[in-house]
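Enquirer: one predicted model, sequence on top.
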Amino acid sequence: MGATLLLDKKSIYIDFLDSKHKKYRNKVTKFPVEDGSPITDDIINENPVINIKGIVSASPITFLSSLAPYSIDITSSLKKGEVVTHKYTSPQDAEKILVDFWESRKTVTLAINNEQKVHNAAIADLDIKSDSETGDSLFVELKLEIIKKVVSKTTTVPDNIADQKTKDDNSKKADLGHVAAKPVEKGTFEYQLGTKAISFTKGLF
């Protein structure tokens, strides 16, 4: 069983997948939940994690059933009678590509044989081993976190629509100051103060 990691136009093939481990976790509140409240509000789904261990061999043995990760049009090629050539990643190239993937901080796509592809996988941990014990091969351990993506939408508010409160606050306020006195009959003067009219008879002051 093999696995392929894809990013943009680059890909790396792990021709022998030793193990694959999926982990699903929830972050659960440590505090009491009020009776009648929805408990789901206090349980948060964390990113699913996939741990894989594999070997990039210098001389991989590949069977026809494991060619799918390399060739996108393998089925069409076989129907047409074309020769299907096996492509693999050398250990030297594999190390460089893996480090490039990790350094780019971009999400990758994971394909494992005929399983459904896993998209939006971020490389959380990368462990590469190459020594006298591994020989010409490259031992790889990967921890991938599957990031959830959401689609956001924006909208435009027409210019002729404004908040009513804003309109009220910005409206022109009436002048509540004094206005000129207006003479009235029988020597009485009237002053307009605010919204109340005050009158007095001439000669009192």
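Expert: Okay, I see it.

Enquirer: lowest-pLDDT helix or strand in this structure?
Expert: Using mean pLDDT, DSSP states H and E, helix 74-79 stands out as the lowest-scoring helix or strand of the chain, at a mean of 49.

Enquirer: just after that one, pick out the following helix or strand.
Expert: helix 91-104 (DSSP states H and E).

Enquirer: and that next one, average pLDDT?
Expert: Here helix 91-104 scores 93 as its mean pLDDT.

Enquirer: same question, stretch 140-154
Expert: When pLDDT is averaged along stretch 140-154, the result is 90.

Enquirer: need the strands for this protein, in chain order.
Expert: Under the criterion DSSP state E, the chain contains strands at 3-7, 10-14, 16-23, 26-28, 43-45, 49-56, 108-112, 118-129, 138-146, 182-183, 188-193, 196-201.

Enquirer: TSV for these, including mean neighbour count and distance to I97?
Expert: C-beta coordinates here come from the backbone N, C-alpha and C atoms, glycine included. Below are these laid out as TSV (neighbours: other C-beta atoms under 10 Å; distance: least, C-beta to C-beta, whole Å):
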stretch	mean neighbour count	distance to I97
strand 3-7	20	8
strand 10-14	21	5
strand 16-23	13	17
strand 26-28	9	34
strand 43-45	11	31
strand 49-56	20	10
strand 108-112	20	10
strand 118-129	15	11
strand 138-146	20	11
strand 182-183	9	93
strand 188-193	13	85
strand 196-201	10	86
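
Enquirer: among these, which is nearest S37?
Expert: Checking the strands of the chain against S37 by C-beta to C-beta gives strand 43-45 as the closest, at 12.0 Å.

Enquirer: mind giving me the packing neighbours of the closest one?
Expert: Under the contact criterion of 3 or more C-beta pairs under 8 Å, 6 or more residues apart in numbering; DSSP states H and E, strand 43-45 touches strand 26-28.

Enquirer: direction included, what does the strand it packs on pair up with?
Expert: Paired with strand 26-28 in the same sheet, following DSSP bridges, are strand 43-45 (antiparallel).

Enquirer: neighbouring contacts of the partner strand?
Expert: The set of residues external to strand 43-45 that reach it, using C-beta atoms under 8 Å, 6 or more residues apart in numbering, is N26, K27, V28, T29.
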